[in-house]
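Undergrad: return atomic coordinates for the entry below.
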Amino acid sequence: MTVRVLVADDQDLVRTGLSMILEAQPGIEVVGQAADGHATVELARRLRPDVCLVDIQMPGLDGIEVTKLLAGRGVPDPIAVVVITTFDLDEYVHGALRAGARGFLLKDAGAELLVQAVHAAAVGDALIAPNITRRLLATLAGREPSSRRTQPIEPLTEREEEVLTLVARGRTNAEIAAELFIGLTTAKTHVASLLTKLGARNRVEIAMWAYDTGRVGD
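TA: All right, here's what the predicted structure looks like:
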């Protein structure tokens, strides 16, 4: 399956460079480019790409506002958004993830990680730059568990609890399968079930729920 991507960045050189990197990859097609937030939303709604790669600082609407409009809670038929930025700031990371982003990368992440993030977002996974993931999980681990109920309406199975813990520790589906001695497809099925039962939009929200309910503390 070819992943159709919309690239949004107000800097011509960056936008062109990102598009060239992605176009050079088999299985990825850049279907549009936008130089500001309003144009990004209009093009995304018209072209319906599989993934939008969105710069966080753009004129008109910034990347977080664009993400809310395309992937936020309550958006019917949301579009996957990967946010990319030059600035490694926690407020950007948290803002983008709360808005519904499926990935967060720095512009110096490299072509390989960029392509991985696009493919991950296209299939419903989330990929965040490894250094940001470590910091994010450390922040979550330092929070006090909230008073939220510790079980969703439909309780988690014992196996789902195991998968939940591994997702919260940043494991990929392949790593979960290896650690639990189950098939990759089975691991994906358990993660999909967690997304449904917890009402989470991505793996980051699964991890946040695990920390928030005290299942993972350190």
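Undergrad: please state the offset of stretch 210-218 from the chain centre?
TA: 20 Å (CA atoms, centre = their mean, to the nearest Å).
Undergrad: in that stretch, what's buried?
TA: The neighbour-count check on stretch 210-218 (16 or more other CB atoms under 10 Å) flags Ala210, Tyr211, Asp212, Thr213, Val216 as buried. (Each C-beta comes from the backbone N, C-alpha and C, glycine too.)
Undergrad: residue contacts, the nearest residue to the first one once chain neighbours are set aside?
TA: Read it as Ala210. The shortest distance from Ala210 to any non-neighbouring residue, by CB to CB, 6 or more residues apart in numbering, is to Ala168 (3.7 Å). Contacts for Ala168 were tallied using CB atoms under 8 Å, 6 or more residues apart in numbering; they are Leu137, Ile206, Ala207, Ala210, Tyr211, Arg215, Val216.
Undergrad: go again with 6 Å.
TA: Ala207, Ala210, Val216 (CB atoms under 6 Å, 6 or more residues apart in numbering).
Undergrad: looking at the closest residue to Gly27 other than its chain neighbours now. What's its pLDDT?
TA: Of all residues not flanking Gly27 in the chain, Thr2 sits nearest, at 5.6 Å (CB to CB, 6+ apart). Note for Thr2: predicted pLDDT of 91.
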